[in-house]
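Give me a 3D structure for the following:
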Amino acid sequence: MTQKNLINLSCVAKSFKAADGTARLVLDQVDFQLKEGEIVALLGKSGSGKSTLLRIMAGLIPADSGEMTYRDKTIFGPVAGIAMVFQSFALFPWLTVQQNVELGLEAQGIAADEREERADAVLELIGLAGFGGALPRELSGGMKQRVGIARALVTNPDVLLMDEAFSALDVLTGETLRNDMLELWEESRIPTKGILVVSHNIEEAVMMADRIIILGSDPGRVRCEVKIDLPRPRDVDSIEVRALIDEVYGLMTMRPVQETSAGAAPEHQLGYRLPDTDISRIEGVLDLLADTPFNGKADLPQLAEETELSDEELFPTYEALGLLGLALIEKGDISLTPLGTRYVDADQVTRQELFGQQLLTHVPLAAHIRRNLETEASGSLAEAPLLELLEEFLKEDEAKRVLEIAIEWGRYGEVYEYNYHTGRLTLPESAED
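Got it, this is the predicted structure:
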């Protein structure tokens, strides 16, 4: 029997205005279908537009171009049959649990008696019976997210969109809530016909989904799809599940074709979205990789278990290691390069020297800052013009984050110094005459 499309996107594109007024493409030519009876997980690095895509499907923001339909009807604004669960809980702190859950029903004009009855039923379903009179501040993180899910389910949605719904919770709480949701789905105790989960967690995606869609970044495009035929509930330690996790890790860390032609570190533009990771994490992963039992090469899922860090924390670190030429990531494995091995064995001074050299070679923003400092008569640069430059490529908050990373990395590699009081960059003393 052919599954009916719940949501269909064809050639969807979305841009946002940069600070200089030019359009910055966030999503480009995205084709996507969510069918009846399936759970789909959406994975992608920062800059892939996952949350933007979800908000387009929910009718919260419009696409610039392309076709978007829900049950073959064009999406114009919020759709009654589609509900969304947010990462941040998004509860009104002055309203009780009951009142928070009833909000969507109230907006639909449903009578108070029916609102109360339906809210009571869904709170019991989600494990919050007896908490209707509590305020959000009285609840744990897991309970707050249960309220967020209850608020979505009380409207009897056809489609449930979950934006990093479990990522703000500790591992055990997130796993428990995820399993509870799957149980409600498998036992058809909720009327929802399709679920789309945006996640950073590869294991979570493999445990939940019938299909995994992987988006590329800058702009977001569908890179590949992985179909999962294993019945639920799934055993995370089974050979089949571990093999799927390995496969998805490999796909997530695979470089785009144009970056692999020379087999060297890819070239990046000035506005490249630097991976959000710090020096201590970069060196911590390097040292762990060099030590036993890995001895310079590791399976990424095994390394993740050893570090006890989330995929959201580790993927930027892997990207940084590849960017700086310290490690090679291929087919779900990571291995030290000869330079990485030299780096691990070096003393602190040599590490910083190597880091600075690689930074200037592979990060155009750092090289741009250093060149301008060397040609500037005062040997000093204000950060404001650099932010303006980055905002030609990135949104304001993202430009600020990228510059902060470039400053941290540059200071460590003694490429330049930064004064937090004046907001100015200067050459390090060792580079001055």
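
Show me how the chain divides into domains.
Domains of the chain are assigned by automatic domain parsing as 5-252, 363-431.

Let's have the ones you listed in TSV, adding mean neighbour count, mean pLDDT and distance to Ile329.
(Glycine included, C-beta is placed from N, CA and C.) As requested, these are exported to TSV (neighbours: other Cβ atoms under 10 Å; pLDDT from 0 to 100; distance: least, Cβ to Cβ, whole Å):
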stretch	mean neighbour count	mean pLDDT	distance to Ile329
domain 5-252	18	87	9
domain 363-431	17	89	18
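
what's the closest of those to Glu283?
domain 363-431 (9.6 Å; Cβ to Cβ).

Tell me which other helices or strands the helix or strand where Glu67 lies touches.
Element membership for Glu67, per DSSP states H and E: strand 65-70. The helices and strands touching strand 65-70, judged by 3 or more Cβ pairs under 8 Å, 6 or more residues apart in numbering; DSSP states H and E, are strand 5-17.

how about the CA coordinates for the strand it packs on, as CSV?
Output in CSV follows, covering the C-alpha atoms of strand 5-17 (Å, rounded to 0.1, in the frame of the first residue of the first chain):
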residue,chain,number,x,y,z
ASN,A,5,2.4,12.4,1.7
LEU,A,6,1.6,14.4,4.7
ILE,A,7,4.1,17.2,4.0
ASN,A,8,5.8,17.7,0.6
LEU,A,9,8.5,20.3,-0.2
SER,A,10,9.8,20.9,-3.7
CYS,A,11,12.7,23.1,-4.6
VAL,A,12,12.3,25.1,-1.4
ALA,A,13,14.8,28.0,-0.9
LYS,A,14,15.1,30.6,1.9
SER,A,15,17.4,33.6,2.3
PHE,A,16,18.0,36.1,5.1
LYS,A,17,19.2,39.6,4.8
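
What pairs with it, parallel or antiparallel?
Its sheet considered, strand 5-17 pairs with strand 23-35 (antiparallel), strand 65-70 (antiparallel) by DSSP bridges.

Quick one: these as a markdown table, columns for distance to Gly271 too.
What follows is the strands paired with strand 5-17, written out as a markdown table (distance: least, Cβ to Cβ, whole Å):
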| stretch | distance to Gly271 |
| --- | --- |
| strand 23-35 | 9 |
| strand 65-70 | 23 |
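
how about those, which one is nearest Leu314?
Comparing those by Cβ to Cβ, strand 23-35 comes nearest, at 24.1 Å.

now the angle between strand 23-35 and the very next helix or strand once past the closest one, please.
Next helix or strand after strand 23-35 toward the C-terminus (DSSP H and E): strand 38-44. Computed by axes from the mean of the first three to the mean of the last three Cα atoms, to 10 degrees, the angle separating strand 38-44 from strand 23-35 equals 160 degrees.

Spatially, and excluding backbone neighbours, which residue is closest to Ile212.
Val226 (4.3 Å; Cβ to Cβ, 6 or more residues apart in numbering).

Quick check: the one you found vs Lys35, distance?
Plainly put, Val226 is 16 Å away from Lys35 if you go by Cβ to Cβ, to the nearest Å.

quick one on the thing from earlier: please identify which of the strands paired with strand 5-17 is closest to Gly174.
Each of the strands paired with strand 5-17 has some distance to Gly174 by Cβ to Cβ; the shortest is strand 23-35, at 22.7 Å.

which residues are contacting that closest one?
The contact list for strand 23-35 (Cβ atoms under 8 Å, 6 or more residues apart in numbering) reads 3-18, 40, 49, 52-53, 56-57, 63, 66, 159, 194, 196, 213, 215, 219-222, 393-395.

mind checking how far that strand is from the chain centre?
Once both centres are worked out by Cα atoms, centre = their mean, to the nearest Å, strand 23-35 turns out to sit 16 Å from its chain's centre.

Send me that strand as PDB with only the CA atoms.
The C-alpha atoms that make up strand 23-35 are tabulated as PDB, following Å, rounded to 0.1, in the frame of the first residue of the first chain:
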ATOM      1  CA  ALA A  23      20.500  38.100   0.700                       C
ATOM      2  CA  ARG A  24      22.300  35.200   2.400                       C
ATOM      3  CA  LEU A  25      21.100  31.900   1.100                       C
ATOM      4  CA  VAL A  26      20.200  29.500   4.000                       C
ATOM      5  CA  LEU A  27      18.300  26.800   2.200                       C
ATOM      6  CA  ASP A  28      18.600  25.900  -1.500                       C
ATOM      7  CA  GLN A  29      16.600  23.500  -3.700                       C
ATOM      8  CA  VAL A  30      15.300  21.400  -0.800                       C
ATOM      9  CA  ASP A  31      13.100  18.500  -1.700                       C
ATOM     10  CA  PHE A  32      11.500  16.600   1.200                       C
ATOM     11  CA  GLN A  33       8.500  14.400   1.900                       C
ATOM     12  CA  LEU A  34       7.000  13.200   5.200                       C
ATOM     13  CA  LYS A  35       4.600  10.200   4.700                       C
END
